[in-house]
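[1] Need coordinates for the following:
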Amino acid sequence: MISGCFGNTFLIIVQIFFGLLSALLGFISFFYYLLNHEDYNASIWSLFLGVNAISLIHLHVLFLKAQIDVWYDKYTFRSLIKFSFVLSIAAIIALPIYIYLSVKHHEELTLRGYHVDAIFAALSLFWSVNLFCSSRLYSKYVQLTNPALIASIESLETPYTFYVDTF
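    Residues are numbered from 1 along each chain as shown. Predicted structure coming up:
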């Protein structure tokens, strides 16, 4: 059995299970808060939650199937790392703002308000940090296990010259 970046396969399967639950929660709550409550903050953060969880599940499943080096290379990992880093920073900024606004307005804990926004920002922060760390680990894994693939991609950075034969 393949031993994962996180120690063993069981931990990866546990992350996949909770990722599926979080993605389901994120996508359902996106439509719920968008259509029923018109709470755009909660709906956007729940969408980010679902996207982060699904991206992480995709990484883990490809790793377990030993197909991660087919789908991803150094540049796609770099894009995933940047995406998750930006979402992490946005969630770190948004979380205390939502908590401050909920305390300032003396809100009770209901399905509407800044408490829900803070909860979804915190969940999105958790999954984006998890995606950031996993993307870095899997990037190192791909670079260590398949250096020829990375070297061939780096050779594509040099401009290609066309040679025209004279007739």
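
[2] And what about the spatially closest residue to I54 that is not a sequence neighbour, helix, strand or coil?
    Nearest non-adjacent residue to I54, counting by C-beta to C-beta, 6 or more residues apart in numbering: A23, 4.9 Å away. Where you see a C-beta, it was placed from the backbone N, CA and C, and this is true even at glycine. What DSSP: H, G, I helix; E, B strand; the rest coil gives for A23 is helix.

[3] ok, now which ones touch A23?
    Contacts for A23 (C-beta atoms under 8 Å, 6 or more residues apart in numbering) come out as 49-50, 53-54, 57.

[4] Quick check on the residues you listed: which are buried?
    Buried residues within those, counting neighbours by 16 or more other C-beta atoms under 10 Å: 49-50, 53-54, 57.

[5] Low-confidence regions, the protein specifically.
    Applying pLDDT under 70 to the chain flags the ranges 1-7, 147-167.

[6] Give me the most central residue, it.
    N52 (3.1 Å; C-alpha atoms, centre = their mean).

[7] Mind telling me what element it is part of?
    Element membership for N52, per DSSP states H and E: helix 40-64.

[8] Could you give me the buried positions within that helix?
    41-60, 62-64.

[9] chain center to it: distance?
    Helix 40-64 sits 5 Å away from the centroid of its parent chain (C-alpha atoms, centre = their mean, to the nearest Å).

[10] So which elements touch it?
    Using 3 or more C-beta pairs under 8 Å, 6 or more residues apart in numbering; DSSP states H and E, the elements in contact with helix 40-64 are helix 9-32, helix 68-71, helix 74-104, helix 114-145.
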